[in-house]
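S.K.: Can you look at this prediction? I've put the sequence above it.
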Amino acid sequence: LDLASVPSLDSIGASTVTASVEVAREASYDSVVGFYKVTDTSGGVIDSLTGAVINPGDATYAATALATSNLATEFAGLQASDDSTATSTITVTTDSIIAPYAVVGNNTYFAYGSANGESFDRFKALGENSFGLEDSLEASGGDRDYDDLVVRFDFTAA
């Protein structure tokens, strides 16, 4: 999600953006989704200690992406019970490009396949401001239907 280009999140904080969030789940695994800040669409993250860009596939990518300085905390903990939909409203304060990650069991999956050490992406865009997660714990990606957990946002400037 590119929130860096949203005009209402300007440097003087003239207004806020709210988002209606809908999370739907059709899977046995309990998946929790959050978001982290990336430098651009290639998925690099900033190491807060060195200022270096760490890219998907680098050994320290997961730890750097999930560092407190990179988390978009207002987007944390998105989840739903099996065969149900959960809705909520959040106030958006980040003005960054953000990417999703998911915690499924003892695994954490990122939006960039190379960050997962796999040959496929765990997330797929399903439309404007919505995406699906493939949560299978199989390295082959399971059924790759990307409907195990679906997250949709509807943004409104206030």
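M.R.: Noted; the coordinates are in hand.
S.K.: So Asp121: helix, strand or coil?
M.R.: With DSSP: H, G, I helix; E, B strand; the rest coil as the basis, Asp121 sits in coil.
S.K.: unless I'm mixing things up, it is touching Gly113, no?
M.R.: Yes - between Asp121 and Gly113 there is a contact under CB atoms under 8 Å: 4.4 Å. Where C-beta positions appear, they are placed from N, C-alpha and C, glycine not excepted.
S.K.: show me where pLDDT drops low in the protein?
M.R.: By pLDDT under 70, the weakly predicted segments of the chain are 6-15, 119, 139-141, 158.
S.K.: cutoff 80 now
M.R.: Scanning the chain for pLDDT under 80 picks out the ranges 5-16, 93-94, 117-120, 137-143, 157-158.
S.K.: Just the helices from it, written as ranges.
M.R.: Using DSSP state H, the helices of the chain run over 61-65, 113-116.
S.K.: List the contacts of the residue nearest the centre of the chain.
M.R.: The C-alpha lying nearest the average C-alpha coordinate of the chain belongs to Pro100 (CA atoms, centre = their mean; 1.3 Å). By CB atoms under 8 Å, 6 or more residues apart in numbering, the residues touching Pro100 are Val33, Gly34, Phe35, Phe110, Ala111, Phe123, Phe131, Leu133, Val151.
S.K.: dump the residue contacts of Phe153.
M.R.: By CB under 8 Å, 6+ apart, the contact set of Phe153 is Leu1, Ala19, Ser20, Val21, Glu22, Asn129, Ser130.
S.K.: right, and Asp154 touches Ser20 too?
M.R.: Yes - in this structure, Asp154 is within contact of Ser20 by CB under 8 Å, at 4.3 Å.
S.K.: What number of residues are in the vicinity of Thr50?
M.R.: 9 (other CB atoms under 10 Å).
S.K.: same thing with Asp30?
M.R.: 15.
S.K.: Repeat that for Val23.
M.R.: By the criterion of other CB under 10 Å, Val23 has 21 neighbours.
S.K.: if I look at it, how far off is Tyr146?
M.R.: Remark: distance between Val23 and Tyr146 (CB to CB, to the nearest Å) = 14 Å.
S.K.: Same question for Asp95.
M.R.: 28 Å.
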